[in-house]
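>>> model this:
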Amino acid sequence: MRGHFAIPAMTELATALGVTIDDPAPPREIHFSRAGCRLHGFDWGGTGSPVLLLHGGALTAHTWDFVCLGLRGAARLIALDLRGHGESGWSGDYRVGTLAADVVAAADHLGFDRVRLVGMSLGGVIAAHVADRHPARVERLVLVDVAPGVDFDSTWRVRLFISGLGPVRDLETVVEAAMRVNPRADRASVTYRMSTLFRRAPGGGWVPKSDPRPPDFPAILAAIDRLPDQLSRTPVLLVRGGRSRVLPQAAAERLAARLPDGELVVVPDAGHNVQEDNPAALITALRAFLTR
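You can find the predicted model right below:
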């Protein structure tokens, strides 16, 4: 109700979602540049093997907040804002190869020779490209809800919602609109997500952080079809949301079967955004795979 609108605290929401938090401290921001584009991420610390987490299209590095709160004791976690998203700069070049080169630049900036990659949706496509072009630098890789046979048409309502929002007076307006798109969504989670996807405009109101230009879906789908060949030399965990409408179970099983060193985990009570819907179960799967 208007007059009582509040953005839930990250740690409180993570705890409500079942995440066990050992260290509630916020992450450190990192800044670097490549090819004239300023890039941004969050360094959650940790002393284990370095893990770079890559978000999906129209999301930001904040989509990994709950996962990082629960996993930070097991690895050195870095969540990146892809160019055109979050606090990273916009660009005229959003090709998969360009985004992958940004990820390699992040590893170089942080002094990581070898990394483990976790990529959700578009982030998974980028991670696979990195593994294919730089196999000696990628120890293992996690794909979250992406494989040949994905159905991005099922996300058209959300994409239309984000692209259609211009400056709005207050964040509650955005939350109300998002709840109309998906009435079954958890309001607290939606409020937190929208607070990370929008920023205050200099003239007042709120505007999306992401570049409004639409992604090149034909190019992304073509890159997804190359995943089996790109990942033939890398240990891979494929994670599917149990109620995902984007990645059918049969498509997930086909990819896992084609990979020489691949396995499939289905996270219950999660849609396409597994890391936000059921972070506790995803943390369990990631810890088992990434710390081997």
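>>> in the stretch 151-292 of the chain, which spans are strands?
198-200, 206-208, 236-241, 262-267 (DSSP state E, counting those that start in this stretch).
>>> Please produce a markdown table containing these, extended by mean neighbour count.
All C-beta spots, glycine's among them, are computed from the backbone N, C-alpha and C. Below are these laid out as a markdown table (neighbours: other Cβ atoms under 10 Å):
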| stretch | mean neighbour count |
| --- | --- |
| strand 198-200 | 15 |
| strand 206-208 | 19 |
| strand 236-241 | 26 |
| strand 262-267 | 19 |
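>>> Return the residues in contact with the closest residue to Ser195 other than its chain neighbours.
Excluding its sequence neighbours, the residue lying closest to Ser195 (Cβ to Cβ, 6 or more residues apart in numbering) is Ile7, at 4.6 Å. Residues in contact with Ile7 (Cβ atoms under 8 Å, 6 or more residues apart in numbering) are Leu171, Thr191, Tyr192, Ser195.
>>> Quickly check those for the two that are furthest apart.
By the measure Cβ to Cβ, these have their two most distant members at Leu171 and Tyr192, which lie 10.6 Å apart.
>>> Tell me which of these two has more neighbours.
Tyr192 (23 against 18; other Cβ atoms under 10 Å).
>>> wouldn't the more buried one be in contact with Leu13 here?
Yes. Tyr192 lies in contact with Leu13 (Cβ atoms under 8 Å); the separation is 5.5 Å.
>>> Would you mind confirming that Val51 is in contact with Leu80?
No. With contact defined as Cβ under 8 Å, Val51 does not count as touching Leu80 (11.1 Å).
>>> ok, back up a step: pipe the strands of the stretch 151-292 of the chain into a markdown table and attach distance to His85 per row.
Listed next are the strands of the stretch 151-292 of the chain as a markdown table, based on distance: least, Cβ to Cβ, whole Å:
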| stretch | distance to His85 |
| --- | --- |
| strand 198-200 | 12 |
| strand 206-208 | 10 |
| strand 236-241 | 21 |
| strand 262-267 | 23 |
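>>> all helices in the stretch 1-150 of the chain, in order from the N-terminus.
10-16, 65-71, 96-110, 122-133 (DSSP state H, counting those that start in this stretch).
>>> list the contacts for the nearest residue to Gly89 once chain neighbours are set aside?
Spatial nearest neighbour of Gly89, chain neighbours left out: Arg38 (4.3 Å); criterion: Cβ to Cβ, 6+ apart. Each residue near Arg38 by Cβ under 8 Å, 6+ apart is listed here: His31, Phe32, Ser88, Gly89.
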